[in-house]
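Colleague: Sequence and predicted structure below; questions after.
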Amino acid sequence: MQELARIISQPDAETNLYARLEQEVQQQVGAKLVTLMWLDFEAGRARRIYTNRPDLYPTDDSKPITKNPWHEHVIVNQNTFVANSLDEMDEQFADKEFFSAHGCTSVLNMPIIIDGKTVGSLNLLHEDNHFTPARIKQTQELVLTAMLCIMLQQSKLTKA
C-alpha cells in the first residue's frame with residue numbers, strides 16, 4: 001500500500017499507476033488485453049481510461065452504457081463476469097469476433113465499486129479457459145489499484 005501512496009504522490013502519477021496496474025495483472029493473473037473502463041453515467045457512456053493495447057483498443061474510445069444481462073450482472077449486481085470461450089461470451093459482446101481474431105477467447109470483467117456504486121470495470125482477455133477459479137480469486141488483489149486509477153481519473157476531471 002505504501003508503494004501505491006508513493007506513486008500517487010509523485011508527478012506523472014496517472015502513467016505510473018497504470019503501469020503498476022498492468023504489472024499486477026500480468027504477475028497475478030496474466031492477460032493479453034487489459035482495459036479499465038469508467039462509467040460516465042451522466043453522459044451515458046462507458047469510457048476506456050486504460051488499455052495495454054492502444055493499437056487495438058484506444059483510450060479515446062467509448063461506447064453507450066447499454067442495459068442488458070451483462071449490465072445487470074456486473075454493474076447492477078456487482079458480480080464478476082467470466083466466460084472461458086467464445087461460446088460462453090454473452091451475446092452482448094458485439095466485439096467478440098474482434099477479440100477472437102486477436103487470440104482473446106476468454107474474458108473476465110470485474111466491477112470496480114467505490115462508495116457502494118459501480119463506477120467502472122477491469123476487463124481482462126486471454127486464451128480459452130484462462131480464467132480458472134484460482135485466477136479469478138487472484139483478480140480480487142487488483143481491485144485497489146484499479147479503484148485508485150478511476151479515482152485519479154475523476155480527480156483530474158473535477159479540476160478542469
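Modeller: That came in fine, so what should we check first? Numbering: from 1, shown residues only.

Colleague: And for residue 108, the neighbour number?
Modeller: Residue neighbour count, defined by other CB atoms under 10 Å, stands at 22 for residue 108. C-betas here are computed from N, CA, C, even on glycine.

Colleague: er, residue 137 actually
Modeller: Burial of residue 137, expressed as a neighbour count using other CB under 10 Å, amounts to 11.

Colleague: And it, how far from residue 29?
Modeller: With distances taken as CB to CB, to the nearest Å, residue 137 is found 10 Å from residue 29.

Colleague: what's near enough to touch the most centrally placed residue in the chain?
Modeller: Note on the chain: the residue nearest the mean C-alpha position is residue 122, at 1.7 Å, using CA atoms, centre = their mean. Residue 122 sits next to 34-36, 109-110, 112, 139, 142-143, 146 when contact means CB atoms under 8 Å, 6 or more residues apart in numbering.

Colleague: Most neighbours of all those residues, which one?
Modeller: Across these, neighbour numbers were computed from other CB under 10 Å; residue 36 holds the maximum, 27 neighbours.

Colleague: secondary structure class for that one?
Modeller: Here residue 36 takes the strand state, with states given by DSSP: H, G, I helix; E, B strand; the rest coil.
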